[in-house]
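Student: what follows is a protein structure lacking sequence information:
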């Protein structure tokens, strides 16, 4: 899992292909001797410690069911599997995999696993190394023609660990029809982000180049090689791009903003799988049970030799925080210094997450088709994993009750805070209430999950206004200072040009900006800036470091949702929900002695806002 990031990768296609299993394999050497496989299995089992799941996995499973059932009422749809010693202790689907056909998620549902695909490519390269076809220390010039001199020293190891300095060609998207030669030329024509081996930058191109090498050396298409060498030996018959024979109604449909996005079935693909911006780095489809089979095959030593497995799961290159990148895996450390190997992937609509804890013989797999609507799915694997592994409590989410629109309508209106502190505007949208803050004090009250130091929000609002005003004049010195002088000025200038282009492409020229407010949303403060344009407006969210005054961390890709839906947990008791990125906040209503409706937000014990007459 890229623990902090969901990558824009996906794929998978069902088509009718005759004789799909009649794949030539004469160009490949026979698998490594079975004695090596047995040794790998013994080594893996010997590494298992006495660590096990929490003392009561049944209670953990019941808690997980309750938690995910409540999330389902808030829009979550997907599947979660937890297994110990190869046996599922929890495997349950929630919500609809296909809304149009009313098909629920089950363990048999097929969905894209996105960048989890990279671990298959890593294993494929190691298989070829075991069979003496290559070495991970080989330079890429051995496999590609006309490699530029500044890239000639890039090794396969550096591709496997995102330490090559290569980036993704911006002009080539996942479904851009491009041949392997065209794609390789485009990747190698770009300037290096850093000298090979001198840094880390996650780039899909690294693994697409590795996939090209797999095809070149094996004489097979990428998927056919995986199926013969990895999937079938692991008992995985439902994993791939084109070759699995999934039945009707098995594929999860994707959704965004309540609308059908669909699958990749209608997207352009080559006859033997995705085009090269996606092939070998993302887009494989699978089921949670097949992914469990994959995990077991790795741990049991049925796929890689002991030496290869050690390379595969070693923490080769720092990802910049407390995780390291292996060969298609992130390597993390859990409670008690337990090793966790993990990866995720998604395209902003579909999302998948997977983790293996070898010492506890624990496997967790998650798939969802609504990551655009229920963003808490980014955190579910960690939450559920810690519940089973360490006994940690799952987040508290109230249970949603049904209240019809007729009873909600009297609660709509504008609720004003005392003095000039602003207001809350509540509107009835269909059969649901929504709340939005007006004014910076109301903004902080609605969106903060805990209090900040007196005057901090006002200072950050002022600093943000200063930074944006200067940027719009071409002066990036205030932003440079806010970043602690760590980000070069030319990079700030380039990024600002990209941001303004994104905004103006859909809204016309920017006319002015407005700082809407700052809130403490957990372990950071967030400031929202609204850019008013000729044909509309666009909001951007900036993130501040709590530990250092005035230190800017960057721009939030997800952003702070300004209009929040209120979900009823009682007749006049509600809670906010932004998709799960931030904790829900209770909102309560009561009628005062004067007959006016009052609103209480958060932990306040007395009503703080009164509805205007």
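Tutor: Sure, I can see it. Please read these numbers as outputs of a predicted model, since none were measured by experiment. Numbering: from 1, shown residues only.
Student: what's next to stretch 111-118, contact-wise?
Tutor: 2, 6-7, 9-12, 79, 97, 204, 207, 251-252, 263-264, 280-287, 291, 328-329, 343-347, 350-352, 354, 367-369 (CB atoms under 8 Å, 6 or more residues apart in numbering). Any C-beta I mention is one placed from the backbone N, CA and C, and that applies to glycine too.
Student: residue 296 belongs to a helix?
Tutor: Yes - counting by DSSP: H, G, I helix; E, B strand; the rest coil, residue 296 falls inside a helix.
Student: got the contact list for it?
Tutor: 86, 234, 363.
Student: give me the buried entries from those residues.
Tutor: 234, 363 (16 or more other CB atoms under 10 Å).
Student: just give me the least confident of the contacts of residue 296.
Tutor: Among the contacts of residue 296, residue 86 carries the lowest pLDDT, at 92.
Student: right, and that one touches residue 292 too?
Tutor: Yes - contact criterion CB atoms under 8 Å: residue 86 and residue 292 qualify, at 7.4 Å.
Student: please report phi then psi for residue 485.
Tutor: Here the main-chain torsion angles of residue 485 (degrees, to the nearest 10) amount to phi 60, psi 30.
Student: would you mind measuring from it to residue 274?
Tutor: Here residue 485 is placed at a distance of 42 Å from residue 274 (CB to CB, to the nearest Å).
Student: more neighbours: these two, which one.
Tutor: Looking at residue 485 and residue 274 with other CB atoms under 10 Å, you find the greater number of neighbours at residue 274, namely 31 against 10.
Student: can you tell me how far that one is from residue 183?
Tutor: Residue 274 sits 11 Å away from residue 183, going by CB to CB.
Student: what does residue 365 give?
Tutor: 30 Å.
Student: out of these two, which sits in the busier spot?
Tutor: Remark: of residue 365 and residue 183, residue 365 carries more neighbours, 29 against 21, as counted by other CB under 10 Å.
Student: which stretches of the stretch 251-400 of the chain form helices?
Tutor: Ranges of helices within the stretch 251-400 of the chain are 288-299, 306-312, 377-390, based on DSSP state H, counting those that start in this stretch.
Student: in a markdown table, list those along with distance to residue 166 and mean pLDDT.
Tutor: Supplementary listing: these in a markdown table, determined by distance: least, CB to CB, whole Å; pLDDT from 0 to 100:
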| stretch | distance to residue 166 | mean pLDDT |
| --- | --- | --- |
| helix 288-299 | 27 | 97 |
| helix 306-312 | 21 | 97 |
| helix 377-390 | 26 | 90 |
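Student: which of the residues in the strand with the most length in the chain are buried?
Tutor: Scanning the chain for the longest strand, with DSSP state E as the assignment, gives strand 510-520. Buried positions in strand 510-520, judged by neighbour count with 16+ other CB under 10 Å: 510, 513, 515-520.
Student: what does the lengthiest helix in the chain contact?
Tutor: Secondary structure of the chain per DSSP state H: the longest helix is helix 489-507. Under the criterion CB under 8 Å, 6+ apart, residues 471, 474, 476-477, 479-480, 483, 510, 531, 533-538, 540, 555 lie in contact with helix 489-507.
Student: and the angle from that helix to strand 510-520?
Tutor: 110 degrees (axes from the mean of the first three to the mean of the last three CA atoms, to 10 degrees).
Student: avg pLDDT for helix 489-507?
Tutor: Per-residue scores along helix 489-507 average to 92.
Student: swap in stretch 551-566?
Tutor: According to the model, stretch 551-566 has a mean pLDDT of 89.
Student: distance between the ends of that stretch?
Tutor: Stretch 551-566 stretches 33 Å from its first residue to its last (CA to CA, to the nearest Å).
Student: any idea of the mean pLDDT in whichever strand or helix holds residue 119?
Tutor: Element membership for residue 119 (DSSP states H and E) is helix 117-130. Average pLDDT, helix 117-130: 98.
Student: gap between whichever helix or strand comes after that helix and the chain center?
Tutor: As assigned by DSSP H and E, the chain's next helix or strand after helix 117-130 is helix 156-160. Averaged C-alpha coordinates place helix 156-160 at 23 Å from its chain's average position (CA atoms, centre = their mean, to the nearest Å).
Student: which strands and helices sit next to helix 156-160?
Tutor: Applying 3 or more CB pairs under 8 Å, 6 or more residues apart in numbering; DSSP states H and E, we find helix 156-160 packed against helix 117-130, helix 204-218.
Student: got the angle between the last one and helix 117-130?
Tutor: With the same axes, to 10 degrees applied, the angle from helix 204-218 to helix 117-130 works out at 40 degrees.
Student: after helix 204-218 comes which helix or strand?
Tutor: Following helix 204-218 in sequence, per DSSP H and E, is helix 222-226.
Student: quick one: contacts of that next one?
Tutor: Contacts of helix 222-226 (CB under 8 Å, 6+ apart): 23, 28, 120, 124, 211, 214-215, 218, 240-243, 272-273, 279-280.
Student: pull the helix or strand with minimum mean pLDDT from the chain.
Tutor: Ranking every helix and strand in the chain by mean pLDDT, DSSP states H and E puts helix 34-46 at the bottom, with a mean of 36.
Student: buried residues, the helix or strand just after that helix. List them.
Tutor: Counting by DSSP H and E, the next helix or strand C-terminal to helix 34-46 is helix 57-73. For helix 57-73, a neighbour-count test (16+ other CB under 10 Å) marks 57, 60-61, 63-64, 67-68, 70-73 as buried.
Student: I'd like to know which elements helix 57-73 is packed against.
Tutor: Contacts defined by 3+ CB pairs under 8 Å, 6+ apart place helix 57-73 against strand 78-84, strand 87-94, helix 377-390.
Student: please name every helix or strand in contact with the last one.
Tutor: Packing partners of helix 377-390 (3+ CB pairs under 8 Å, 6+ apart): helix 57-73, strand 78-84, strand 87-94, strand 339-346, strand 351-357, strand 362-368.
Student: what of the second one?
Tutor: For strand 87-94, the contact count by 3+ CB pairs under 8 Å, 6+ apart identifies helix 57-73, strand 78-84, helix 288-299, helix 377-390 as packing neighbours.
Student: looking at the ones you listed, which is nearest to residue 148?
Tutor: helix 288-299 (36.1 Å; CB to CB).
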